[in-house]
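[1] Okay, here's the prediction I keep looking at, along with the sequence it came from:
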Amino acid sequence: MQFIGVDLGSTNIKAALYDEGFGCLRTESAPVVYDRAGGRVEFDAEAYVASLVGILRGLNGKDTSVITFTGQAESLVVLGKDGKPLMNAISWMDDRSAEECALTEKAFPGPVCYAHTGQPAALPTWPATKILWLRRNRPDVFAAAAHYLLLKDYVVWRLTGKMLADRSIATFTFYFDIYKGEYWPEMMDFVGIRPEQLPPLAEPCTAAGPLLPQVAEAAGIGPGAVVNLGTLDHFAGMVGVGNVTEGGLSLSTGTVMGLSILAGSPVRRDTGIPMHYGFIPGTWVMLPVAESGGISLEWFKRACLPDVSYKEIDAQAAKRLPGDPLFLPYLVGTNAPEFDLDACGVFFGLRSRHDAYDMALAVMDGVAHLLRKNCDALRASGTEIRRIIATGGGAKSAVWCQLQADVTGIPVVIPAEKEAACLGAAMIGAVSAGVFPSYAAAAGSVVRFEKEYAPHSSERNERRHRQFCALYGDMLAVQRME
């Protein structure tokens with residue numbers, strides 16, 4: 001048996017072919033092409049599918065048993081009665097619907113939306129606001145729309161002929177009730193969506209059906225290969241690093257710092273922490289995001305150490321201890337857990353003895369304290385965190401990983417497999433095919449870790465965290481002075 005995991009990414013489409021022992025046989029990828037005219041972010045959905053079929057053919061996976069999809073959630077595809085796109089797909093990165101967000105929040109205050117969607121705010125990311133934009137700005141498309149699909153569901157439909165909406169992806173529409181597991185009628189009425197325009201809902205990580213014969217032939221895959229709906233890339237990544245039981249926190253420190261943790265109950269619904277329908281039946285996933293994560297170090301390197309490699313920055317930082325200065329990594333305003341639009345970055349405590357490497361270490365330390373604030377918010381909701389599973393660029397830095405462990409007081413482990421989303425997708429396919437009886441069994445057999453950073457607790461770390469929190473409050477007070 002062979003398994004293919006496909007990551008329907010925003011920058012690239014990636015696919016990997018695994019044997020039954022989960023050795024990676026081949027990988028293929030292709031870039032996504034965007035039309036950014038007029039400040040919009042759109043792409044050709046049919047070309048996206050054609051590129052995917054070419055990638056699958058390149059894998060030469062003729063003995064494939066299951067193809068499982070993961071990837072981006074919110075990108076919207078609008079189909080006419082003939083089943084063809086009426087326009088380019090609208091990427092989740094497109095922010096044209098800012099005005100519609102304001103209208104939505106006026107009609108549905110934040111607490112109401114959170115009680116249904118698990119999201120604390122209406123954002124241009126959500127398809128609901130994009131559909132409302134079409135209603136107000138493209139009445140021709142809105143009137144002709146027969147179906148609204150998210151990208152992954154559109155791909156599954158094109159490859160199998162089955163029109164289904166994975167609930168773990170529907171959670172990102174803003175018209176899905178994550179607690180009832182069904183579409184939210186009041187939001188649909190407000191936006192102008194008819195029930196028949198949305199695909200039937202299905203559980204994530206379940207089989208959609210076999211590949212259409214013509215697709216199987218074009219992709220070079222033998223007859224009988226089954227397509228699995230899969231789940232969100234963050235969630236497949238959780239499977240790929242073995243984070244499939246309560247107590248594990250997946251941490252991705254790339255440009256954005258994303259955290260994801262499994263919850264066996266909806267926990268308290270007033271926490272403000274983004275909640276999503278889980279990829280395992282009877283679970284939810286808490287998914288706070290800090291946009292000022294890895295971008296803080298990227299910014300500092302570009303501004304102050306442009307000719308120095310990250311490896312050298314890490315080596316110099318390893319020779320120093322985080323003391324002063326202190327850094328608030330709020331370079332991109334809205335960050336979990338507070339989502340303060342007025343927040344900004346701050347260096348505090350600079351002295352003439354400090355150099356750029358002291359400041360680089362302060363940046364890493366500040367991001368670790370931002371991680372601690374999010375961990376504390378998760379724990380305050382009643383969610384246990386036993387270990388942090390770190391991936392992304394930040395996981396390559398031993399200094400940063402040790403800081404994260406020390407500041408949070410939680411062990412940080414590094415998985416051996418770096419392409420966690422594709423691996424997790426393939427593991428989902430193997431579980432659905434009965435190769436493993438559960439995700440926990442699959443993780444125990446497949447996932448390996450190459451490094452663990454044990455926390456070193458100290459009063460000094462606790463004092464710095466108190467200073468970090470106090471400085472954050474003072475920064476906001478100064479920002480809001482009239």
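    Great, that's in hand. The shown structure was predicted, so the numbers you read here are calculated from the model rather than taken from an experiment. Numbers count the residues shown, from 1 in each chain.
[2] who touches the residue nearest the centre of the chain in this structure?
    Taking C-alpha atoms, centre = their mean, the centroid of the chain lies closest to H234, which sits 4.3 Å from it. Residues in contact with H234 (C-beta atoms under 8 Å, 6 or more residues apart in numbering) are 250, 252, 258, 260, 285, 287. Where C-beta positions appear, they are placed from N, C-alpha and C, glycine not excepted.
[3] And it, how close does it get to I428?
    For H234, the distance to I428 equals 13 Å [C-beta to C-beta, to the nearest Å].
[4] Now do the phi/psi pair for D340.
    Main-chain dihedrals, D340, degrees, to the nearest 10: phi -90, psi 120.
[5] Touching, it and L476? I think so.
    Yes - contact criterion C-beta atoms under 8 Å: D340 and L476 qualify, at 6.3 Å.
[6] per-residue confidence at the residue nearest to the centre of the chain?
    Here the pLDDT value assigned to H234 is 90.
[7] Repeat that for A433.
    For A433, the model assigns a pLDDT of 95.
[8] Against A202, how distant is it?
    Here A433 is placed at a distance of 17 Å from A202 (C-beta to C-beta).
[9] just L79 next, same as before
    18 Å.
[10] For S91, see how far away the residue nearest to the centre of the chain is.
    Distance, H234 to S91, using C-beta to C-beta: 17 Å.
[11] Can I take it that G424 is in a helix?
    Yes - counting by DSSP: H, G, I helix; E, B strand; the rest coil, G424 is found in a helix.
[12] wait, what's in contact with it?
    By C-beta under 8 Å, 6+ apart, the neighbours of G424 are 5, 70, 235-241.
[13] Pick out whichever of these sits closest to A37.
    Using C-beta to C-beta, T70 is the member of these that lies nearest A37, at 29.3 Å.
[14] tell me which element that closest one falls in.
    Element membership of T70, judged by DSSP states H and E, is strand 64-71.
[15] And for R136?
    Using DSSP H and E, R136 sits in helix 127-137.
[16] how much space between A380 and Q404?
    Per C-beta to C-beta, A380 is found 19 Å from Q404.
[17] Between the two, which is the more surrounded one?
    A direct count of neighbours by other C-beta atoms under 10 Å for A380 and Q404 places Q404 higher, at 29 against 12.
[18] mind listing what the residue nearest to S438 when sequence neighbours are not counted touches?
    Closest residue to S438 apart from its sequence neighbours, by C-beta to C-beta, 6 or more residues apart in numbering: V431 at 6.8 Å. Each residue near V431 by C-beta under 8 Å, 6+ apart is listed here: 205, 437-439, 442.
[19] what's the following helix or strand after the longest helix seen in the chain?
    When the chain is scanned for its longest helix (criterion: DSSP state H), the result is helix 356-380. Counting by DSSP H and E, the next helix or strand C-terminal to helix 356-380 is strand 387-391.
[20] Now tell me what touches that next one from outside.
    Residues contacting strand 387-391 (C-beta under 8 Å, 6+ apart): 237, 241-243, 247-253, 375, 401, 404-405, 408, 410-415, 418, 420.
[21] rerun that using 7 Å as the cut-off
    237, 241, 243, 248-253, 401, 404, 408, 410-415, 420 (C-beta atoms under 7 Å, 6 or more residues apart in numbering).
[22] Specify the angle between that strand and helix 356-380 in degrees.
    Per axes from the mean of the first three to the mean of the last three C-alpha atoms, to 10 degrees, the angle that strand 387-391 makes with helix 356-380 is 130 degrees.
[23] so how far is strand 387-391 off the chain centroid?
    How far strand 387-391 lies from its chain's middle: 15 Å, per C-alpha atoms, centre = their mean, to the nearest Å.
[24] Just after it, pick out the following helix or strand.
    Using DSSP H and E, the helix or strand that follows strand 387-391 in sequence is helix 398-408.
[25] what helices or strands is the following helix or strand past that next one leaning on?
    Once the chain leaves helix 398-408, the next helix or strand it forms, by DSSP H and E, is strand 412-415. The contact analysis (3 or more C-beta pairs under 7 Å, 6 or more residues apart in numbering; DSSP states H and E) places strand 412-415 against strand 387-391, helix 398-408, strand 449-453.
[26] With distance to V363 as added columns, please give these in JSON lines.
    Compiled in JSON lines, these are given as follows (distance: least, C-beta to C-beta, whole Å):
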{"stretch": "strand 387-391", "distance to V363": "17"}
{"stretch": "helix 398-408", "distance to V363": "10"}
{"stretch": "strand 449-453", "distance to V363": "19"}
